[in-house]
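*Asks:* Structure, please.
(2 chains)
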Amino acid sequence: MSAIDDLNAELAKLPGIGRKTATRLTYHLLKQPKPTVERLASTLRTLAEKVHPCQKCGNMSESVLCPFCVDPRRDDTSFCVVEESSDIDAIEKAGEFRGRYHVLGGRLSPLDGIGPEDLAIDALKHRVEQVDATVEVIVATNPSMEGEATATYLSGVLKTTGALVTRIALGLPVGGDLQYADAVTIGQAMAARRKMPE
Amino acid sequence: MRLDALTIRNFRNIISLDCEIPPEGVVIIGENGQGKTSLLEAIFYLALFRSLRGSRDRELVSFGSDGFFVAGEVGQRIQAGYEISGQRKKVSIDGDPITRLGDAVGRFTAVPLAPADRELITDGPGARRRFLDVLLSLGDKQYLRRLSELKAVLKQRNAALRMGRKDEAAAFDGPFATAAEYIVRVRRQWADDWQTRYAEINTALGEAGTSSMEYSPRREEPETQETIRSELAITIERDLAGTTTGFGPHRHDLRILREGRDLRRYGSGGQQRTAAIALRLLEAEALTERTGDRPVTMYDDIFTELDAKRQGYLLDMMKDWDNTQVIVTAPRESEVPREMFDRPRWSINGGKIEA
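*Replies:* Residues are numbered from 1 along each chain as shown, chains lettered A, B, ... in the order given. Modelled structure (predicted):
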């Protein structure tokens, strides 16, 4: 195997990248000035060496605890549970949530052999139990079938902790056009309608 | 609904075929094994993008080929292709690739009648569920989506059951109930709405006595997501023992009755054939109502099996259909009813058509 073949094979393992794109990327890199390629290489090395899951919440972080876990201004009685670290970015952008995060590292999928023991569920329960006040756990797993099942499972597990378990709402996207929304989403939005404030 | 032109490559025993189809339809004569059924199946593929009788896509590929292709002009151009390597299916409408197959299902509608339809009556409940599912999917996108959700949920739930994990299996009860509630409601509603018409068609086809159909299990109260969930909770121990989900729409049936008795067990061959034809005609009418357009109707060699009296009744009913494209196949000239003589006549031989 040549160096070119090696890189092709590595790139092709990435999600969304097939053999063709991998080859294109490899030859693109070969055409770049050497420092550019070396910067990419060292960035990748740093990523692999420095970034680890936060010991508390599982969020990807360069320190033992992630910035959200050490921030003293965040609310300790409110947890937001997500499937992946990348979901935290999306929620943070919205700026609505000021509590603590918890990353499960996936979702229940018996077909793929992913059970509760493969997700950070015990750790979540433990964290909730540590708090000396009433806790709200907002389950923000994806609105997919597996995400829903994971949410249901979590609410069962957390029952003994006395925490208030809530699920993020499903419905129409803001600024969207009702006529282009799909029927299932409209159905959900109808079911989850709320009373207008007086 | 009208199919103006058809292109087929490597589909079952048709290697290459291009033809224009007259607006009123056509009568196709050919011995068995010459490609009559393949032609009709290829047409139907443009409606559902699945085989008519539930075969896998790879089984539809001609022997020795690596894929098939079907295209039809139906006011818009619908194309469907499948490659064995990579098991890839590509569908496009007017050149635009369709990423979610459900968006293309039902753009074109066709109803096939064939001798094998008798299995609708004689086979187990699965055959009749499939009948309902195909019909309702063609007319209702949300139905198709809920149906694939239900299948996916069942796989997950059953996988958890096989591993003996009760809580994980139960976690899927919510998504299961959401999909199941919708599917059962739509199926029951359909059976109720078309019950009377089903009886009328049977009478028109010359069946004396009462013919009826009913969704099974019958329920006095409509099922809600809550009742489905509580039923799943009650039956989960049994599910764990049997490692499969025993309750839900995937176990239901559309019962076909004559004089209140199950036609599957108590019917004669002739009665079962008539009931199957009635179901197909009902399908055509229901699709017409849902889509506002009469589906292309295809008779695959069904006149051979009917006695003269029943043939006559069926042909009488067809007289009422204006603007319906009817495609008829028969093994020999002598099997073509006189009433069809005015239609264009083709012959098919070794997968090739001669006009």
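*Asks:* residues in chain A within reach of chain B, list them.
*Replies:* A:108-111, A:115-116, A:145-146, A:148-150, A:152-153, A:156, A:182-184, A:187 (CB under 8 Å from any CB of the partner chain). Where C-beta positions appear, they are placed from N, C-alpha and C, glycine not excepted.
*Asks:* How about the contacts made by residue B:58?
*Replies:* B:82, B:84, B:87 (CB atoms under 8 Å, 6 or more residues apart in numbering or on different chains).
*Asks:* Of these, keep whichever come out buried.
*Replies:* Among the contacts of residue B:58, those buried by neighbour count (16 or more other CB atoms under 10 Å in any protein chain shown) are residue B:82.
*Asks:* how near is residue A:47 to residue A:62?
*Replies:* When CB to CB, to the nearest Å is applied, the distance between residue A:47 and residue A:62 equals 10 Å.
*Asks:* Residue A:1 too?
*Replies:* Taking CB to CB, one finds residue A:1 at 33 Å from residue A:62.
*Asks:* go on, residue B:74?
*Replies:* 58 Å.
*Asks:* Who has more neighbours out of those two?
*Replies:* residue B:74 (22 against 13; other CB atoms under 10 Å in any protein chain shown).
*Asks:* check contacts around the more buried one.
*Replies:* B:1-4, B:46, B:107-108.
*Asks:* what does chain B put close to chain A?
*Replies:* Counting by CB under 8 Å from any CB, chain B sits next to chain A at B:141-142, B:145-146, B:149, B:152-153, B:155-157, B:159-160, B:163, B:165, B:167-175.
*Asks:* The same query, at a cut-off of 7 Å, please.
*Replies:* B:141-142, B:145, B:149, B:152-153, B:155-156, B:159-160, B:163, B:165, B:167-168, B:171-172, B:174-175 (CB under 7 Å from any CB of the partner chain).
*Asks:* Are any of these buried, and if so which?
*Replies:* B:141-142, B:145, B:149, B:152-153, B:156, B:159-160, B:165, B:168, B:171-172, B:174-175.
*Asks:* Regarding chain A, what is its longest helix?
*Replies:* helix A:34-50 (DSSP state H).
*Asks:* list the buried ones in it?
*Replies:* For helix A:34-50, using 16+ other CB under 10 Å, no residue counts as buried.
*Asks:* Do you have the strands of the stretch 151-300 of chain B handy? List them.
*Replies:* Counting by DSSP state E, counting those that start in this stretch, the stretch 151-300 of chain B has strands at residues B:211-216, B:253-258, B:261-262, B:296-300.
*Asks:* Of these, flag the one that's most buried.
*Replies:* Mean neighbour count (mean count of other CB atoms under 10 Å in any protein chain shown) peaks for strand B:296-300 among these, with a mean of 24.
*Asks:* Point out the other helices and strands that that strand packs with.
*Replies:* helix B:36-48, strand B:110-113, strand B:326-330 (3 or more CB pairs under 7 Å, 6 or more residues apart in numbering or on different chains; DSSP states H and E).
*Asks:* is it possible to export those to CSV including distance to residue A:6 and mean neighbour count?
*Replies:* Shown next, in CSV, are these (distance: least, CB to CB, whole Å; neighbours: other CB atoms under 10 Å in any protein chain shown):
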stretch, distance to residue A:6, mean neighbour count
helix B:36-48, 44, 24
strand B:110-113, 52, 24
strand B:326-330, 57, 23
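*Asks:* possible to save the ones you listed as a markdown table with mean pLDDT?
*Replies:* Listed next are the helices and strands packed on strand B:296-300 as a markdown table, based on pLDDT from 0 to 100:
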| stretch | mean pLDDT |
| --- | --- |
| helix B:36-48 | 94 |
| strand B:110-113 | 93 |
| strand B:326-330 | 92 |
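*Asks:* okay if I get the ones you listed as CSV plus distance to residue B:220?
*Replies:* Formatted as CSV, those follow (distance: least, CB to CB, whole Å):
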stretch, distance to residue B:220
helix B:36-48, 34
strand B:110-113, 33
strand B:326-330, 42
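*Asks:* Domain ranges for chain A, per the record?
*Replies:* Using automatic domain parsing, the domain parsing of chain A gives A:3-49, A:60-133.
*Asks:* residue ranges of the helices in chain A, please?
*Replies:* A:3-12, A:19-31, A:34-50, A:67-70, A:85-94, A:121-130, A:145-157, A:183-191.
*Asks:* what are the bridge partners for the closest residue to residue B:57 other than its chain neighbours, then?
*Replies:* Closest residue to residue B:57 apart from its sequence neighbours, by CB to CB, 6 or more residues apart in numbering or on different chains: residue B:82 at 4.8 Å. As for beta bridges, residue B:82 partners with residue B:68, residue B:89 under DSSP bridges.
*Asks:* Packing partners of the helix or strand that contains residue B:9?
*Replies:* Assessed by DSSP states H and E, residue B:9 sits inside strand B:5-11. Packing partners of strand B:5-11 (3+ CB pairs under 7 Å, 6+ apart): strand B:14-20, helix B:36-48, strand B:67-73.
*Asks:* How about residues contacting that strand?
*Replies:* Contacts of strand B:5-11 from elsewhere in the structure, counted by CB atoms under 7 Å, 6 or more residues apart in numbering or on different chains, are B:14, B:16-21, B:38, B:42-43, B:60-62, B:65, B:67-73.
*Asks:* buried ones in that strand?
*Replies:* Those would be B:6-11, for strand B:5-11 by 16+ other CB under 10 Å.
*Asks:* Report the buried members of the contacts of strand B:5-11.
*Replies:* B:14, B:17, B:21, B:38, B:42-43, B:60-62, B:67-73.
*Asks:* with those residues in mind, which one is nearest to chain A?
*Replies:* Sorting the buried ones among the contacts of strand B:5-11 by distance to chain A puts residue B:67 at the head of the list, at 19.1 Å, by CB to the nearest CB.
*Asks:* show me the contacts for that closest one.
*Replies:* Here residue B:67 is in contact with B:10, B:61, B:81-84 (CB under 7 Å, 6+ apart).
*Asks:* rerun at 8 Å
*Replies:* Taking CB under 8 Å, 6+ apart, one finds B:10, B:61, B:81-85 in contact with residue B:67.
*Asks:* In TSV: those residues, plus pLDDT and distance to residue A:136.
*Replies:* Output for these, formatted as TSV (pLDDT from 0 to 100; distance: CB to CB, whole Å):
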residue	pLDDT	distance to residue A:136
B:10	96	59
B:61	95	56
B:81	95	52
B:82	95	50
B:83	93	51
B:84	92	53
B:85	88	52
